[in-house]
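J.: give the three-dimensional model of this entry:
(2 chains)
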Amino acid sequence: MPPHQCEICKITRAQVLRPKNGQRICSACFIALFESEVAVTITSTNLFQPGERVAIGASGGKDSTVLASVLKTLNDRHGWNLDLVLLSVDEGIQGYRDHSLEAVKRNSADLDLPLKIVSYEELYGWSMDQVVAQVGKKGNCTYCGVFRRQALDRGAAMLNVGHVVTGHNADDVAETVLMNLLRGDLPRLSRATSIITSTPSAAPPKDDGAVSFTNVKRSKPLMYAYEKEIVLYAHHKKLDYFSTECIYSPEAFRGSARTLIKNLERIRPESILDVVRSGVDMAKLVPGADGKCKGACGDSKAAGSTNAAEEEAEGGCGSSNTNSGGDSMVEMEKKLQQDERTEANGPETEVTLPANPKETVSIGVRHSHEAYSSLPPDDGIYGQNHEKNGASKATAVPIRTKQEKKSGRKPTRDAAAPKQRLGQCERCGYLSSQSVCKACVLLEGLNKARPRTGVEVGGGG
Amino acid sequence: MADPIPLTVEFTGGLEMLFSDQRKHKISIPGQDEDGSASNVAYLIHWLCDNLMKDPRKEMFVLDDSVRPGVLVLINDSDWELEGEANYELQPNDNVVFVSTLHGG
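T.: Numbers count the residues shown, from 1 in each chain, chains lettered A, B, ... in the order given. Model prediction:
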């Protein structure tokens, strides 16, 4: 067939077919357009304050690499005066994260952005390799996800940065919207579609203006960008990114939600953004939801933003939260399970809306709460994404996914979870609706089982 | 019998894992498929599965007789959807890139 001409510059051969509108454009026009669209997303939502310090959650994967490159470009181009820094989490997975961290280091050099790496080892005393050695390959993703959430917040606080941006893309959001719809999880639907998900601060800001790790804002500037275009942007801009699967969750992407989205895209590419927009619109209809203006008004505190932070990222797998869409499948699966926990913890939503305790919300939440209520409240020990993924083989999981789920579906009212309030963990001070946060609970379990004397195999042994 | 077609194929975004961890491959495929039609991208995909892929996890690359949804194909740096997709007839020295969007970082 004859080559198409770029519909914008009318000069060069078209190389990109835009999924959102079928436009055929050349590589140079595509790059310019992609950047300007992200700029529009950012300015129309007042995402950043001038001069704001912003940490880019960087995994070395495609999404965060593109995010860093675009933000750097836009910041220079538009004189936003943002103080950008790359923030990476080192889970301590040899043969996986060490390689991707090399990619982040190259990004840091290429983009001339400072890089901060926080490791599980330094934060928790456990690398994921050690956790896996202890708990086995199944169920370790729970630890990883719970730890990562805090790690990003703590890393941001160390840098005195109050805003972390992540590379979640439109495909990720569409996937989340579908899942939450199927589950009827309205509070989460609204959160998933908010460009800003804030961590509400339980503690007042410090007098010295230092950022506390309990008060770090999250946002996703690429939430309207197709994964396809992110990959094409990286390709045409020749960005250096790293792609692989976490060695502890290989092929985690092969799950139903991701597959559904990709199949929809093949039939009708516009579907993805349609789903995202529908999600945004539906979120507005959620009674008492914070979805209305949380993102757009940039005033996240005004709307009781629930403990989004706490819930958003816990179950996670490998790289999902720091980076990226690639394993958003995984993230999705994880969210599924978190959702159940969320429902079990329903009243959290209620109590975090003290200013306007809308009855409708309470009722809705409580309803589902009862349906799922036999879950012990602290079973944030859920996010077994991968196990769930390969449900057929998910047996003998140390962290009882199935069992819990089963029992969780029985409407056993008497075992209702006690009301929780979003407070702080009495051990580490992190946001938690329990007296002890999930990370501390998990750590306690790990530390109990840790041999008191390290056994090491000597070189000659 | 048509002459063989020399091609460069590249696998990125995680797909290289399926092809001996090697990103770029110089190959030469028959100029015609079994039916005597000029070799197109559909045929190339079959050929790659049969001849180049060492990994048994074929479904990470192909599904229902085409590339798995989520795998992008670029023909000479252009989206294959602009070139006729699987029906594009390969020319000598074409560069075909397969990029997975499915893998994480």
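J.: strand partners (parallel or antiparallel) of the worst-scoring helix or strand of chain B on mean pLDDT?
T.: Every helix and strand of chain B was ranked by mean pLDDT, DSSP states H and E. The lowest is strand B:62-63, at a mean of 88. The strands that strand B:62-63 pairs with in its sheet are strand B:66-67 (antiparallel) (by DSSP bridges).
J.: what lies in contact with the strand it pairs with?
T.: Contact with strand B:66-67 is made by B:A42, B:I45, B:F61, B:V73, B:A86, B:F98, as judged by Cβ atoms under 8 Å, 6 or more residues apart in numbering or on different chains. Just so you know, the C-beta spots here come from the backbone N, C-alpha and C atoms, and that holds for glycine as well.
J.: model confidence over it, on average?
T.: Here strand B:66-67 scores 90 as its mean pLDDT.
J.: going along the chain, name the strands of chain B.
T.: In chain B, the strands defined using DSSP state E lie at B:5-12, B:24-29, B:62-63, B:66-67, B:71-75, B:78-79, B:94-100.
J.: out of the ones you listed, which comes closest to A:V66?
T.: strand B:94-100 (13.1 Å; Cβ to Cβ).
J.: who does the closest one pair up with?
T.: When sheet partners are counted by DSSP bridges, strand B:94-100 sits next to strand B:5-12 (parallel), strand B:71-75 (antiparallel).
J.: which of the ones you listed sits most buried?
T.: Of all the strands paired with strand B:94-100, strand B:71-75 has the most neighbours on average by mean count of other Cβ atoms under 10 Å in any protein chain shown, namely a mean of 21.
J.: check whether the helix or strand in which A:Q130 is found comes near chain B.
T.: If you go by DSSP states H and E, A:Q130 is part of helix A:128-135. No: using Cβ under 8 Å from any Cβ of the partner chain, helix A:128-135 never reaches chain B; the gap is at least 14.8 Å.
J.: remind me what that helix packs against, helices and strands.
T.: Helix A:128-135 is packed against helix A:140-158, helix A:438-449, with contacts defined by 3 or more Cβ pairs under 8 Å, 6 or more residues apart in numbering or on different chains; DSSP states H and E.
J.: of all those helices, which lies closest to chain B?
T.: helix A:140-158 (12.4 Å; Cβ to the nearest Cβ).
J.: that closest one near chain B anywhere?
T.: No: using Cβ under 8 Å from any Cβ, we find that helix A:140-158 stays clear of chain B, coming within 12.4 Å at best.
J.: what's the burial count for the residue in the stretch 151-300 of chain A that chain B sits nearest to?
T.: Nearest residue of the stretch 151-300 of chain A to chain B (Cβ to the nearest Cβ) works out as A:K262 at 3.7 Å. Neighbour count for A:K262, taken as other Cβ atoms under 10 Å in any protein chain shown: 23.
J.: and the gap between it and A:S100?
T.: Taking Cβ to Cβ, to the nearest Å as the measure, A:K262 and A:S100 are separated by 23 Å.
J.: try B:S78
T.: From B:S78 across to A:S100, the span is 29 Å (Cβ to Cβ).
J.: which residues of the stretch 151-300 of chain A lie near chain B?
T.: Residues of the stretch 151-300 of chain A lying near chain B by Cβ under 8 Å from any Cβ: A:171, A:227-228, A:230-232, A:235-236, A:241-246, A:251-254, A:258-259, A:262-263, A:265-266.
J.: apply 6 Å and report the result again.
T.: By the rule Cβ under 6 Å from any Cβ of the partner chain, the part of the stretch 151-300 of chain A lying against chain B is A:E227, A:V231, A:F242, A:S243, A:T244, A:F253, A:K262, A:N263, A:R266.
J.: can you put those in CSV and add secondary structure?
T.: Below are these laid out as CSV (DSSP: H, G, I helix; E, B strand; the rest coil):
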residue, secondary structure
A:E227, helix
A:V231, helix
A:F242, coil
A:S243, coil
A:T244, coil
A:F253, coil
A:K262, helix
A:N263, helix
A:R266, helix
